[in-house]
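**Student:** give me the fold of what follows.
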Amino acid sequence: MDEKDLNLTPEDFEPLPEGAAQDNEKISGPSLSFGQNVWLRFKQRKAAVISAVVIILMVLVAFGSTPFINKSTLVRSHPEYANLPAKVPGLDAINGLNGKIKQNGQWVDAYAQNNVPKDKYFIAGTDYLGRSLAQRIIYGTKVSLIVALVAAFFDLTLGVFYGIVSGWKGGGVDNVLQRIIEIISSVPNLIIVVLMLVVLHPGITSIILAIAISSWTTMARQVRAETLSLKNEEYVLAARSLGESGWKIAWKHLVPNLSSIIIIQTMYTIPSAIFFEAFLSFIGIGITAPETSLGVLLNEGQKNFQFLPYQMWYPAIVLCILMIAFNLLGDGLRDAFDPRGQK
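**Tutor:** Numbers count the residues shown, from 1 in each chain. The predicted structure follows:
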């Protein structure tokens, strides 16, 4: 290149239009907070959104039915309506949902055989005592959700508190607290429930005590591991240097940064607690008749499964929907809070 070409003069430059320099520095998108980013990522997970809607509907139906469905209505038997199949108005063409049951290879109107009034129907059928399965399933779902809420409560209180204290203190305190968790985790939940039965009668109380004793350990371990990492961050060290107390640092700095782990782990604890209650009630050491839960309904339904399969299918479907919905919601929250873990 010739040296003359490098000799630039002021005339060789043209001023930019007013505001052009500022436009070049603009960010092409709105500034979003952490919560807004989480919500945008969560909305992209269609399965998680649908699961959240399903869970909300089930909670509303289960707890909203309390004034109409209670223990007195559930234990009241009607032998004249025993073992009736499902009958849904408007679905007369669908066998199995129109009050007909298969007997000797033919579909027979069970409601007509039992002289059931025409305006009387049961959308999920009845059990061997003539009790409405729909009402018992709704009440059983309510019991399962109560157990799930109890498990979540102990996760969010005892598990989070224990994990933060263990990780924040460290040293000898951490060693002692972790050995306690190892001792608790080494005892199976089933053994704890059996020990509760020695003192208490079978029921929801013994299940809640078993959950209170051992369900929070996984949360405590995860919170402790994350606390060990967070307490060495610069903003935590700065707060300590300014004289902030350990409780204020935990509440203002650790808990907000642990929120994603806490929420995700809670979502995985809930289906585990629901299955735990259903399993115990199914084998007869949880909630027992005349009280009801999804596990009790499965236990009663499997006795007549060969001839009346709907008595087991309906509570099993509700239990599966409940557990799958919480698991999918947990997956969606995990991806929303931690996009780095996505493939």
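**Student:** can you map out the strands along the stretch 101-250 of the chain?
**Tutor:** Ranges of strands within the stretch 101-250 of the chain are 106-109, based on DSSP state E, counting those that start in this stretch.
**Student:** where do the helices sit along it?
**Tutor:** With DSSP state H, counting those that start in this stretch, the ranges of helices along the stretch 101-250 of the chain come out as 110-113, 133-154, 160-169, 171-186, 189-199, 204-214, 217-230, 234-241, 246-249.
**Student:** how close does L333 get to V318?
**Tutor:** The spacing between L333 and V318, counted by Cβ to Cβ, to the nearest Å, is 23 Å. Every C-beta, even on glycine, is put in place using the N, C-alpha and C of the backbone.
**Student:** next: V75.
**Tutor:** 20 Å.
**Student:** still on that earlier bit, which of L333 and V318 has more neighbours?
**Tutor:** Using other Cβ atoms under 10 Å as the criterion, L333 and V318 rank with L333 on top: 22 against 19.
**Student:** so that one touches F42, yeah?
**Tutor:** Yes - when contacts are counted by Cβ atoms under 8 Å, L333 is listed as touching F42 (6.9 Å).
**Student:** overlap of the contact sets of these two?
**Tutor:** Common contacts of L333 and F42, defined by Cβ atoms under 8 Å, 6 or more residues apart in numbering, comprise A48.
**Student:** where does this protein dip in pLDDT?
**Tutor:** For the chain, applying pLDDT under 70 flags the ranges 1-6, 12, 16-32, 34, 338-343.
**Student:** how much space between the residue nearest to R240 when sequence neighbours are not counted and H201?
**Tutor:** Spatial nearest neighbour of R240, excluding adjacent residues (Cβ to Cβ, 6 or more residues apart in numbering): I249 at 6.7 Å. Distance, I249 to H201, by Cβ to Cβ: 45 Å.
**Student:** higher neighbour count, the two?
**Tutor:** Between I249 and H201, I249 has the larger neighbour count (other Cβ under 10 Å), namely 21 against 9.
**Student:** need the contact list for that one.
**Tutor:** V236, A239, R240.
**Student:** just W107 next, same as before
**Tutor:** Contacts of W107 (Cβ under 8 Å, 6+ apart): N95, K100, I101.
**Student:** of those residues, which is the nearest to D109?
**Tutor:** Closest approach between those and D109, by Cβ to Cβ: K100, at 5.4 Å.
**Student:** distance check, the residue lying closest to that closest one once chain neighbours are set aside against P85.
**Tutor:** Once flanking residues are discounted, K100 sits nearest to W107: 4.4 Å by Cβ to Cβ, 6+ apart. As for W107, its distance to P85 is 10 Å (criterion: Cβ to Cβ).
**Student:** joint contacts of these two?
**Tutor:** Common neighbours of W107 and P85 (Cβ under 8 Å, 6+ apart) are K100, I101.
**Student:** re earlier: among the contacts of W107, which ones are buried?
**Tutor:** K100, I101 (16 or more other Cβ atoms under 10 Å).
**Student:** from the contacts of W107, which is closest to A289?
**Tutor:** The shortest approach to A289 among these belongs to I101, at 23.9 Å (Cβ to Cβ).
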